[in-house]
Structures are given as C-alpha cells and as structure tokens.
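1. build me a model from this:
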Amino acid sequence: MDMFELIKSRRAVRSFALKELDKQTLEKILEAGRYAPSPLNCQPWHFTLIRNKERLKHLAAAAKHASFLSKAPILIIVTVNKVVEIDDWLLQHKQHLFSGAAAMQNMWLVAWSLGVGCCWVTLDETATRQLISISDDQEIIGALALGYMDKYTGMSHEAVERKPLCFMTSFEEFGKGECDTEGCYTCLKLIPKSAAMSSEGEDYIKYFCGQECYVAWQKRTKKWLDDQSKE
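-> Have a look, this model is predicted:
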C-alpha cells in the first residue's frame with residue numbers, strides 16, 4: 001500500500017485482541033514518532049508507555065470517551081518539553097507543541113501499516129499528571145491506545161466520506177475560491193457528485209463562482225438526479 005492509500009485507509013480502533021505487541025513492532029512505531037519534524041530539530045517529545053491494567057483503568061475512568069482504554073494492550077502518552085531551548089519566536093507560536101502532534105500522527109500511520117489498531121485519546125490532565133508523575137515542564141499532547149484489532153468487532157466505524165477539498169481550500173485569501181471569472185467551471189471539476197447534489201454544494205457555487213458556472217452546475221446536478229431516478 002502506498003503512503004496516500006495508507007493515509008486514506010487509516011481508522012480509529014477501539015476494540016483490541018488480547019495479543020500483546022511484540023518488541024520489534026512497538027519499537028518501529030516509536031521510531032516513527034522519533035523521526036517527526038520539530039522546530040530547529042529540537043525533538044521535544046517524550047513517550048511514556050503504560051501497560052499496567054490498573055493504571056489504564058484509572059486513566060479511562062478519569063477521561064471522557066475512553067472506556068475502551070482499560071482493555072488496550074498498551075498506551076503511549078506523548079508529552080512535550082514546554083521549556084525546550086528554541087528561540088522566542090517559535091516558542092511564542094507553540095511550534096514545539098505542534099510537533100508532538102506530528103509525532104503522534106507518524107506513530108499512528110506506521111502502526112496502521114503494521115496491522116496494529118490505534119486510537120487517539122484525550123486524557124484528563126490532572127489525573128494523568130498525578131498517576132504517571134508527569135512534571136510541570138511537560139505538556140500533555142495526547143495518548144495513543146494500541147493493539148491488534150479484534151477481528152470480531154473490527155474498526156469503531158465505517159469509512160465516512162470526507163468533505164470535498166474545495167470546501168476547505170482557499171486561494172490567495174482565506175475563504176476565496178479559485179473560480180474568479182464566469183465560465184471557468186473549476187467548481188464542477190472539484191465538487192464530487194454527493195456534494196454537488198446537496199445544499200452545501202449549491203452554496204459553494206453561488207458564493208465563489210459566476211452565474212455561468214451556477215447554471216452549468218444546475219444542469220449537471222439535474223442530469224445526476226435524472227440518472228439516479230432511473231436506477
């Protein structure tokens with residue numbers, strides 16, 4: 001599977017098999033986190049591994065949306081050094097904290113490529129600091145629950161269609177679409193059928209595109225609807 005397909009196929013997994021992760025697999029996942037980008041290559045992250053079931057139960061009880069956590073084979077808590085030695089500009093803009101999220105994404109993707117299920121968990125900060133003895137100079141970014149997927153329950157949800165790229169893309173100015181002149185029909189190339197046949201798709205055409213584009217959009221949508229009614 002190439003990288004793009006790996007990214008598209010990634011899912012959150014909240015039900016795990018009892019099988020423990022082997023050392024080689026776990027180290028490869030951690031190495032992926034170690035190679036994440038960071039400002040001035042400061043590498044401010046720290047990975048705390050939790051296997052103890054009682055600790056996992058306490059962390060799960062203190063957090064929301066985390067009841068599955070108590071049954072995870074392993075939890076990786078990612079923290080970032082808040083006083084890392086980088087210049088004030090980067091500190092002010094919290095770039096070191098964002099790099100912790102990049103490390104988590106790296107680990108999740110590599111875990112998925114190895115057939116390991118994963119879910120990003122938001123822990124209760126106070127309870128986590130007390131239970132794991134996390135010092136004040138560390139910022140808790142999040143945690144990854146890891147384990148082989150339970151074949152009987154599988155993934156926590158089916159693939160959900162993503163919003164069209166055109167709804168989250170601007171050009172030159174925030175909120176400005178690429179379609180600046182009437183008749184360019186860029187919108188028709190960007191918007192998939194499911195979005196075009198919705199009020200959200202219509203709003204996009206009206207807001208960003210000229211009248212000619214809008215008329216063409218109406219014709220195409222009508223054809224899709226007609227074809228659908230014949231099926």
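2. what average pLDDT does the longest strand seen in the chain get?
-> With DSSP state E setting the assignment, residue counts place strand 138-148 as the longest strand in the chain. Over the span of strand 138-148, the pLDDT mean works out to 96.
3. stretch 62-69 now?
-> 92.
4. ok, residues contacting it?
-> Defining contact as C-beta atoms under 8 Å, 6 or more residues apart in numbering, one finds that stretch 62-69 is touched by 14-16, 56, 59-60, 75, 119, 121-124, 126-128, 145. Quick note: C-beta positions are derived from backbone N, CA and C, even for glycine.
5. list the buried residues for stretch 9-20?
-> Neighbour-count burial for stretch 9-20, with 16 or more other C-beta atoms under 10 Å as criterion, is recorded at Arg10, Arg11, Val13, Arg14, Ser15, Phe16.
6. what sits against Ala101?
-> Ala101 neighbours (C-beta under 8 Å, 6+ apart): Ile141, Gly142.
7. which secondary structure state is assigned to it?
-> helix (DSSP: H, G, I helix; E, B strand; the rest coil).
8. please report how far it lies from Gly142.
-> Taking C-beta to C-beta, to the nearest Å as the measure, Ala101 falls 7 Å from Gly142.
9. where in this protein is pLDDT low?
-> 151-160, 164, 166-167, 176-217, 220-231 (pLDDT under 70).
10. report the residue ranges of every domain in the protein.
-> 3-148, 165-221 (automatic domain parsing).
11. mean neighbour count, the ones you listed: which tops it?
-> Comparing the domains of the chain by mean neighbour count (mean count of other C-beta atoms under 10 Å), domain 3-148 ranks first with a mean of 17.
12. residues contacting Thr126?
-> Ala62.
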